Structures are given as C-alpha cells and as structure tokens.
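Q: turn this into a structure:
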Amino acid sequence: MEFKQLMNSNKLLIINGPGLSDLSNFNDYGYEDLTLNKLQKKCLETCKSLGIELDFFQTDDQASLSKKLLEGIDWCDALIINPVGYSHASTLDLDIYTANIKNHNLKNKPVIEVHIANIFQDGESISEPVIVSKSDVGFICGLGINSYELAIRSIHEKLNQI
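A: Numbering: from 1, shown residues only. All right, here's what the predicted structure looks like:
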C-alpha cells in the first residue's frame, strides 16, 4: 500500500514492514480497532499540519522494502521505519538491511525506528531494536499510533533546526 501527499515541503518516507498490513494482532496490546488505514490517516494528518510531504508505504516483502529504501535515499529528507516483521524473521539479511539504513545516515538524514507495542515488555519475542542496535538512529516504541506521531514531530523539529 502506497500513498503520496504532494506538497512543496520537506519529504518524509514512512516504511512499514511485514506484519503491518493487518494490525488486528495489536488488539492484545490494547490498540483495538487499529488498522493500517487509520495509521496512515493519522500520519497524513500530522504531516499535513506540519507542512511535510508524506510517502507512506507498507510491504511484506524484503526485496520491496530494500528497493523502497534505496529509492528513498535520493528524494526523501527523513525516514521513519517500522520493521516489525523483520524483528522476528530469521531470514532477514541484517547486513543489507542496516547498510540501506546507514545510507540515509551517511547523507545526514534523520532516521527513526518505530514500533507500535513496547518491544521491551516482558514476554515479547523481540529483545532489541532491529536498526538502532546496528546504526545511529532514533527509536520510539510502546505508544501505539502515537509512536508515529511523535516520530513525525521529532523529524519535523530536526529538519527545521537552524
């Protein structure tokens, strides 16, 4: 699923990895009725209020995610990524994945990894962030849909520092 808001402003790429096409699995965390459409709408509203152009993308395919990251390096000013499914995947090539993220960092672009649930909560099968542990990026988790809003607002502040 891909959505682009066209404006003449800072450009933000939000990538959602595997498992985020169906957010009903987050009902157990108290985020009932959360859908990808609701998440996208909230991100769009927040970006619009801050004058940020948004490309919102979700994929369950590692090759598509890598391709989108590489394309985004050239045009976006910042990246927010929720790699949720890759946090669990034993087939994820972390070297390729983190190399793509570091390409954003090498160009001095803000990058934030977000998670809807608190991945550090007891009983969670994710023990550490996928990207943060491998590179110098921001990290927000456990705030539900507000994890994204906080990340967008943080990106806005970073991009508008004088």
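
Q: next, count neighbours for the closest residue to residue 158 other than its chain neighbours.
A: Spatially, and ignoring its direct neighbours in sequence, residue 158 is nearest to residue 110 (4.5 Å; C-beta to C-beta, 6 or more residues apart in numbering). Every C-beta, even on glycine, is put in place using the N, C-alpha and C of the backbone. Using other C-beta atoms under 10 Å, residue 110 is surrounded by 20 other residues.

Q: if I pick residue 110, what's in contact with it?
A: Counting by C-beta atoms under 8 Å, 6 or more residues apart in numbering, residue 110 makes contact with 77, 78, 79, 138, 154, 155, 158, 159.

Q: do the same with residue 68
A: 13, 15, 57, 59.

Q: what's the farthest-apart pair in the contacts of residue 110?
A: Within those, two members stand farthest from each other by C-beta to C-beta: 77 and 138, at 14.6 Å.

Q: what about those two, which has more around it?
A: Neighbour tally, residue 77 and residue 138, criterion other C-beta under 10 Å: the higher count belongs to residue 77, 20 against 17.

Q: for residue 58, phi and psi?
A: phi -130, psi 140 (degrees, to the nearest 10).

Q: hang on, isn't it packed against residue 21?
A: Yes: assessed by C-beta atoms under 8 Å, residue 58 is found in contact with residue 21 at 5.7 Å.

Q: who has more neighbours, these two?
A: Shown here are residue 58 and residue 21; by other C-beta under 10 Å, residue 58 has more neighbours (22 against 14).

Q: partner residues bridging the residue nearest to the more buried one when sequence neighbours are not counted?
A: Leaving aside its chain neighbours, residue 58 sits nearest to residue 16 (4.0 Å; criterion: C-beta to C-beta, 6+ apart). Taking DSSP bridges, one finds residue 58, residue 82 as the beta-bridge partners of residue 16.
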